[in-house]
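K.L.:
No letters, just coordinates:
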């Protein structure tokens, strides 16, 4: 950050003493700096996922290793991983691609500058930056093509300026100025979007303001009587949970991206958390939202559990993907931190039985905080990420377990699949609950496979995102996508989508069979959420990103044809816009458009998502 | 004993025939209909469930390897007796082998003979492929022992009509779908619905096809392969049986004793069988971009759902496409050419001329894309002679002339002579008919050229379009692409130098007038036959000076028929009435169109009139009745009549 013009330095914020807070009912302001403070580039990779210090590498012995100390896997050697990657993708350590080492500032498109706006902005004292790195960092989410561009090319259009409001009033000022000068605002929260939602429309001629909410990261108050907390929308998930934990509370909202994604982003995309079975998804958690729009501020007049006052305006906001305004403050439900947590896992002879078991669990409404079923390919993948075991005893035990399951119980290691479980609550209730779930599992041929396997399964969720960067170094590209689907179609959808991916790869000239795998990650009364991973070795293909996008599109077509939804929680962004009309009908789309036209007639929030 | 270990579908979950039955009975689909019916009829579901069980027992196959081996053994003996050779395209079998492993497979053979499915199963067995389960007409069950044997060889039986019976439909559909979904075995049925008595491909039936397509529409399977199979016979086993049937001598009921009697034919020679296994067609590829997915996403998949219009249209398109593929791949024997030539030169044709013409027609057929089995080194004379030998029951060589073999009882009455002759003509036509669908596009252009008042493109096309509509049940046209068919016809005619096209006009060349008149003569039996048949449906004032004398013969019929045809009639009344009148006409010698006696043509003409709106078809409790719209029929006739200078030489135009 060469110039650092207007960038807040830690400490500066408190010194300024924000007048807005004196009016806010903030008896319990828990001010912290958050884990990801500005400039985040210092902590996070500029061209990949997550923390700079955490990544997969191949060490001198050619063994895979995960660096850093942030994760349980950190510093561990993964002896079978290399073989798995070679076998699965036909990749070889000898064929390597390398990313550009750092951003080439000369490639960055020059900013469009509206001088009058800049003058007005300076008058507000809100921090801002026109620095190239700051702008590029906020020009993208984490779709494959975006990362690919970072490694090898440059975006055609990026934000022209980054602003850092520190409170609701700052946002009001920025939006007013943008309206006054007819500029474009793209709100930026955690930057973990996987729907091309953060990409700047190429044809946008106005100055684009990236409104970075990261400095609005305080818990304004906690209301223990009603179990709610009012939080600024820029706070990232792990900070929110850490800070609430200091008072003995949690929200329980844990999307896989919770280390980096923000509260405002969750609201704007209709996020879903791993433990939604206990805590609910974002729409169940939110009590009150304050959003700044070009028309003014939209909010409800009270903080009640439910009201019948016409269509719920929260539902215009949740999932609006930054097209209507900026969410600034959210009142969210909180719960006491659970007394006891227990992981678990169950092995099923095949995926069909596993799905049948999950369906039964959902039917009896006894799903644990989280229950997930991974297919065989993902089970093997998880297996490949097993760290070197310390003692002979553990390795002996593992061998014994394997013998019991495959030989004694006759499970085929190439067919079996695993469900991972997470229980939460009172110790006693957890144990009772656990028994109930395992009893059901037994009826479907399931075998309890230990806490450790379960825990590793969940740990992998966080680590798996790092794998793509490793793959990219060895000609392997991949992505995940998700859907929701009625119970009776789960099996057909999983099979058909996986098969479609394999076929499309073959047709498009991909030399090696792709990794095409899925897991059922959420259960509901009427259906499930299914998550796919898909990756392939692109050696020999001249335009891998184009091929990749064609295949992803085909996979989405397949999902829709199988009665799946366009998205369960990733959102639409610009990536899936083409299917919106089909998804919600012409009239439905018109309804959304008319809201947009009323709220933002000049398209100030012009990220072109959704509609 | 042969070691039989067929390749199987990769997703197969092996199960016994009985397990399939109980799975069908317990399926949500069937249970839903049972509950619905129980509610509507106020009966206990158990009773209806029992009924469903009975239906299943009546229907279900019990494929057993033992029976299959028995069949294979017996059939190989019988086939060796009957046929000289069976030719199969090897690469087709290999493609089929791959297809069977990949996705559920539906075999769609052409249907000319009972031998079809026996031969196909035998073939698959010989090639170590999974034996198909076959949808057979329930009439087979009438054959004791044999019905049961067929069942054990994998045949399942469907009633000929069950439109109204919801339980039957549900059980049947679910039975077929269960076998398809589980990849239990390839499913085989005949798009044509029944054996074509005329050897001309019949218009497709859609019921079974839409059943086997549904699992894909509902995405219960990733894909389904449809495999068109063309089976052609140098000499059809049932040829004379068919001819009798077409003339109204009823079809003998399938019975075991009938089959035993049929063993007489074992001493006869039926030449070669050609089986062409077509490229498996992926239903997914066919459907891509055509099917809106919404309707299936919004209703639980086990509920019976009437297919939407675009699905129905799609099913029909696929059916036609498959039949066109069958036609394209059908192997034609030289005799087919001989028959086509001979029929235009009755009563007798000089042998040498016949050979010359046959050879000429061979070239033309190949230009039109026909697939003729004619080895390079085979001289034309030999080919014609061997055809005559094989078909000595139809035609023979007398004094250097080839004549139809229609001399049954020499001293028969006039009626008997007409009948014998008609029999011979229809049998001969059975072979010519195999050419028709290959020729139909260029030939209808040729006919249209003669019909149209001028050579202007629009006028020729309008005539072509009219003919295509009129003959929509007679020949196989892909729905809705009249212009493309026309262009293809013109292209083929241009290719063989028969016509020339300019910006506005299409006209026959001097050189091509022979081709054009040959083509229109080839289809004349249909053009004339239809006119005769359509006329029977109308009433035209007895004396009308505007009519030219040549139309008098038809007027005679109207005068006679008008009384009957004014009232509503059923098909059962229509066919014999028509047959009688045509018969009388032939006896009087006022027409030479023997093929108008064919009940197949009669039915097709009636249904063409229905489709053209000239006859109204009404459903009554006793089946369908028909009402003639005199005016509309008159108009259709005008299209034919007022413009067709029947038999007027083309040259006169130039």
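P.N.:
Yes, it's here. Since the structure is predicted, the reported quantities are computational estimates derived from the model, not experimental observations.
K.L.:
State the distance from residue A:206 to chain B.
P.N.:
Applying C-beta to the nearest C-beta, to the nearest Å, the value for residue A:206 to chain B is 38 Å. C-betas here are computed from N, CA, C, even on glycine.
K.L.:
tell me the contacts of whichever residue of the stretch 451-600 of chain B sits closest to chain A?
P.N.:
Nearest to chain A in the stretch 451-600 of chain B, going by C-beta to the nearest C-beta, is residue B:479, at a distance of 24.6 Å. Residue B:479 sits next to B:313, B:316, B:317, B:320 when contact means C-beta atoms under 8 Å, 6 or more residues apart in numbering or on different chains.
K.L.:
where does it land in three-state SS?
P.N.:
Here residue B:479 is recorded as coil under DSSP: H, G, I helix; E, B strand; the rest coil.
K.L.:
residue boundaries of the helices in the stretch 551-654 of chain B?
P.N.:
B:552-565, B:571-588, B:599-611, B:630-641 (DSSP state H, counting those that start in this stretch).
K.L.:
Out of the ones you listed, which one sits most buried?
P.N.:
Across these, the average number of neighbours (mean count of other C-beta atoms under 10 Å in any protein chain shown) peaks for helix B:599-611, which reaches a mean of 21.
K.L.:
Out of the contacts of residue B:479, list just those in helices.
P.N.:
Members of the contacts of residue B:479 lying in helices (criterion: DSSP state H): B:313, B:316, B:317, B:320.
K.L.:
What's the PyMOL syntax to select whichever of those are buried?
P.N.:
The PyMOL selection below is limited to those of those classed as buried (16 or more other C-beta atoms under 10 Å in any protein chain shown):
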select buried, chain B and resi 316+317+320
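K.L.:
Most widely separated two among the ones in helices among the contacts of residue B:479?
P.N.:
The most widely separated members of the ones in helices among the contacts of residue B:479, counting by C-beta to C-beta, are B:313 and B:320 (10.8 Å).
K.L.:
In the chain, which residue is most central in space?
P.N.:
Looking at chain A here, since you left the chain open. The C-alpha lying nearest the average C-alpha coordinate of chain A belongs to residue A:257 (C-alpha atoms, centre = their mean; 3.8 Å).
K.L.:
my bad, the chain I had in mind was chain B
P.N.:
Using C-alpha atoms, centre = their mean, the most central residue of chain B is residue B:202, at 2.2 Å.
K.L.:
How about the residues of the stretch 101-250 of chain B by chain A?
P.N.:
B:219, B:220, B:222 (C-beta under 8 Å from any C-beta of the partner chain).
K.L.:
Can you tell me which residue of the stretch 101-250 of chain A sits closest to chain B?
P.N.:
Across the stretch 101-250 of chain A, the shortest distance to chain B (C-beta to the nearest C-beta) belongs to residue A:195, at 21.8 Å.
K.L.:
nearest residue to that residue other than its sequence neighbours?
P.N.:
residue A:573 (2.7 Å; C-beta to C-beta, 6 or more residues apart in numbering or on different chains).
K.L.:
what's the burial count for that neighbour?
P.N.:
Using other C-beta atoms under 10 Å in any protein chain shown, residue A:573 has 24 neighbouring residues.
K.L.:
Could you do residue A:108 as well?
P.N.:
Neighbours of residue A:108 using other C-beta under 10 Å come to 17.
K.L.:
what sits against it?
P.N.:
Residue A:108 neighbours (C-beta under 8 Å, 6+ apart): A:132, A:135, A:136, A:154, A:158.
K.L.:
filter the residues you listed by proximity to chain B?
P.N.:
Of the residues in the contacts of residue A:108, proximity to chain B by C-beta under 8 Å from any C-beta holds for none.
K.L.:
Could you identify the most distant pair in these?
P.N.:
Greatest spacing in the contacts of residue A:108, by C-beta to C-beta: A:135 and A:154 (11.5 Å).
K.L.:
More neighbours: those two, which one.
P.N.:
residue A:135 (22 against 16).
K.L.:
any low-confidence regions in chain B?
P.N.:
B:1-2, B:138-142, B:144, B:163, B:250-267, B:294, B:407-412, B:537-567, B:641-654 (pLDDT under 70).
K.L.:
before we move on, the earlier item: the residue nearest to the residue nearest to the centre of chain B when sequence neighbours are not counted: neighbouring residues, count only.
P.N.:
Once flanking residues are discounted, residue B:202 sits nearest to residue B:192: 4.0 Å by C-beta to C-beta, 6+ apart. By the measure other C-beta under 10 Å, the count of residues near residue B:192 is 22.
K.L.:
Confirm residue B:192 sits in a helix?
P.N.:
No - under three-state DSSP, residue B:192 falls outside any helix and is assigned coil.
K.L.:
which parts of the stretch 401-550 of chain A sit against chain B?
P.N.:
Residues of the stretch 401-550 of chain A lying near chain B by C-beta under 8 Å from any C-beta: A:488, A:489, A:492, A:493, A:495, A:496, A:499, A:500.
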